[in-house]
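Asker: Return a 3D structure for these sequence lines:
(one chain, ligands or ions: 1)
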Amino acid sequence: MNVGIICYASIGGSGIVATELAIELAKRGHQVHLVSSDIPFRLGEFHAGLAFHQVHTPSYPLFHEPQYVLSMANKVVDVSRAHDLDVIHAHYAVPHATAARLAQQVLAAFGHHVPRVVTTLHGTDVTLVGNDPSFSEIVAFSIEQSDGVTAVSRSLRDATRTELGIRRDVAVIPNFLDCSVWCRQDASELRRRFAPDPATKLVIHMSNFRPVKRIDAVVRVFAAISRRVAVRLLLVGDGPELGTAYRLGRELGVSTLIDALGAQQATIPLLSASDVFLLPSAQESFGLAALEAMACLVPVVASRVGGLPEVIEHGVTGFLHEPEDVDGMAASAVAVLTDPALHERVTKAAREIVGERFCSERVVPMYEDYYSQVTALPRFAG
Ligand code: GMT
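Answerer: Residues are numbered from 1 along each chain as shown. Next up, the predicted model:
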């Protein structure tokens, strides 16, 4: 099939999943066209069958407002005309589902071959941004008008109904990893750099440091752990809440135990050096970072919110607590850091679940089947 995939290039789970899907589809012989404002950061080396098309949004002194939806729709029209796309797969509804639908209408109006639009909902495009009254009407319309819609968890599918009033079918296709790549590596040298004393444990948090990630809770849980175990905290990523980590670290007297590494592309070595992963988010439709940690044998202590219970089984493959339960999270982290048998049991079970349910060879065919179903629908009427 000829598949156009549109996504954000910035660091974030939806762009990562879209890029990994593009790579996997190309490996399986599809012609894939990735459309984004910049080279998605996980694209890496050249992949046969995968082309990148950059969206330029020109500025004009009269405009104070960026015209991204128009330039994205325009680029999708160009790419579809040149490459006869069968499917436009929009990752993150805001505004990609709208741009894809607009492109479809332009192609139909000018008598070109009309691709089907599949929208994949990733989380905040429904729960935080998409349901904002400034966007919700157009987001709901664009989701309803897509030929197919998927969500990354059952929880997000249900939220699409409750938050946006969507009534149409939404298929659940979970996020995935290339499990041959996402494995724990020998990171002993790296580990020694962060924690020269072998008795010191490494706690890690990776995110885009936005308020929804509750960075204050990361630091509070870490401070509580540090009162009982010798630990250091690795903060990987960047965003508006990074300053909160510095400030609260100083307030709680743990700033000298924190290493903030900024945005990093190669996270497998960092996970491989770590002993526990903290994810106390206010909302998480899936928690791709948790899945990456589980694949690298790092036990996850997370909030019991959104789709996380579909990824982590409390006490079996990780630990879930109410988002406000800082003491509970710290207690689980201390338990798993001080009990090697528990650490081994949880990480082994987590890795098994990743292998059974979340590897690319299981999930990518779900998208291929879904594209087949959607392209078999009666022709687009305009
Ligand atoms: O809201 C974000 O954190 C960004 C968003 C994205 O596009 O990167 O993340 C969402 O999509 C990821 C990939 O499907 C999920 O793993 C994240 O759980 C989800 N984030 C939230 O729901 C907060």
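
Asker: use CA for all of it now, contacts and neighbours both
Answerer: Noted.

Asker: any idea which helix or strand carries the closest residue to residue 70 other than its chain neighbours?
Answerer: The shortest distance from residue 70 to any non-neighbouring residue, by Cα to Cα, 6 or more residues apart in numbering, is to residue 99 (7.0 Å). Assigned by DSSP states H and E, residue 99 falls within helix 93-109.

Asker: Using PDB, write out the CA atom coordinates for that helix.
Answerer: Extracted C-alpha coordinates of helix 93-109, given in PDB (Å, rounded to 0.1, in the frame of the first residue of the first chain):
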ATOM      1  CA  ALA A  93      -6.000  14.400  16.100                       C
ATOM      2  CA  VAL A  94      -5.100  18.100  16.700                       C
ATOM      3  CA  PRO A  95      -4.900  19.300  14.000                       C
ATOM      4  CA  HIS A  96      -3.700  16.400  11.900                       C
ATOM      5  CA  ALA A  97      -7.100  14.700  11.500                       C
ATOM      6  CA  THR A  98      -8.500  18.100  10.300                       C
ATOM      7  CA  ALA A  99      -5.700  18.600   7.900                       C
ATOM      8  CA  ALA A 100      -6.100  15.100   6.500                       C
ATOM      9  CA  ARG A 101      -9.800  15.500   6.100                       C
ATOM     10  CA  LEU A 102      -9.300  18.800   4.300                       C
ATOM     11  CA  ALA A 103      -6.700  17.300   2.000                       C
ATOM     12  CA  GLN A 104      -9.200  14.500   1.200                       C
ATOM     13  CA  GLN A 105     -11.900  17.100   0.200                       C
ATOM     14  CA  VAL A 106      -9.400  19.000  -2.000                       C
ATOM     15  CA  LEU A 107      -8.400  15.800  -3.800                       C
ATOM     16  CA  ALA A 108     -12.000  14.800  -4.300                       C
ATOM     17  CA  ALA A 109     -13.000  18.300  -5.600                       C
END
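
Asker: Any part of the next helix or strand after that helix near the ligand?
Answerer: Where DSSP H and E defines the elements, the next helix or strand beyond helix 93-109 is strand 116-121. No: against the ligand, strand 116-121 shows no contacts by Cα under 6 Å from any ligand atom, the least distance being 7.5 Å.

Asker: Please save the CA atoms from strand 116-121 in PDB.
Answerer: Taking Å, rounded to 0.1, in the frame of the first residue of the first chain, the C-alpha atoms of strand 116-121 are listed here in PDB:
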ATOM      1  CA  ARG A 116      -8.800   7.000   3.100                       C
ATOM      2  CA  VAL A 117      -8.100   8.900   6.400                       C
ATOM      3  CA  VAL A 118      -7.200   6.900   9.500                       C
ATOM      4  CA  THR A 119      -6.800   9.000  12.700                       C
ATOM      5  CA  THR A 120      -4.900   7.600  15.700                       C
ATOM      6  CA  LEU A 121      -5.700   9.200  19.000                       C
END
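
Asker: Tell me how far that strand lies from the chain's centre.
Answerer: Counting by Cα atoms, centre = their mean, to the nearest Å, strand 116-121 is centred 16 Å from the centre of its parent chain.

Asker: So in the chain, where's the weakest helix or strand by average pLDDT?
Answerer: Lowest on mean pLDDT, DSSP states H and E among the helices and strands of the chain sits helix 124-127, with a mean of 92.

Asker: Check which helices and strands that helix sits against.
Answerer: helix 93-109, helix 154-164 (3 or more Cα pairs under 8 Å, 6 or more residues apart in numbering; DSSP states H and E).

Asker: of all those, which lies closest to residue 34?
Answerer: helix 93-109 (12.7 Å; Cα to Cα).

Asker: ok, residues contacting that closest one?
Answerer: The contact list for helix 93-109, computed with Cα atoms under 8 Å, 6 or more residues apart in numbering, reads 6-7, 69-70, 72-74, 76-77, 81, 88, 90-91, 113-117, 119-122, 125-126, 129-130, 138-139, 142-143, 145-146, 382.

Asker: Give me the angle between the helix holding residue 99 and strand 116-121.
Answerer: Relative orientation of helix 93-109 versus strand 116-121 (axes from the mean of the first three to the mean of the last three Cα atoms, to 10 degrees): 180 degrees.

Asker: avg pLDDT for helix 93-109?
Answerer: Mean per-residue pLDDT for helix 93-109: 97.

Asker: Residue 217 contacts residue 326, doesn't it?
Answerer: Yes: counting by Cα atoms under 8 Å, residue 326 is a contact partner of residue 217 at 6.8 Å.

Asker: Give the burial count for residue 186, as a bare number.
Answerer: 11 (other Cα atoms under 10 Å).

Asker: Hmm, it is touching residue 272, no?
Answerer: Yes: contact criterion Cα under 8 Å: residue 186 and residue 272 qualify, at 6.9 Å.

Asker: Could you tell me which residues make contact with residue 359?
Answerer: 176-179.

Asker: Just after the host helix or strand of residue 16, pick out the following helix or strand.
Answerer: Assigned by DSSP H and E, residue 16 belongs to helix 13-27. The helix or strand immediately downstream of helix 13-27 is strand 31-36, counting by DSSP H and E.

Asker: Quick check: mean pLDDT of that following strand?
Answerer: On average, strand 31-36 scores 98.
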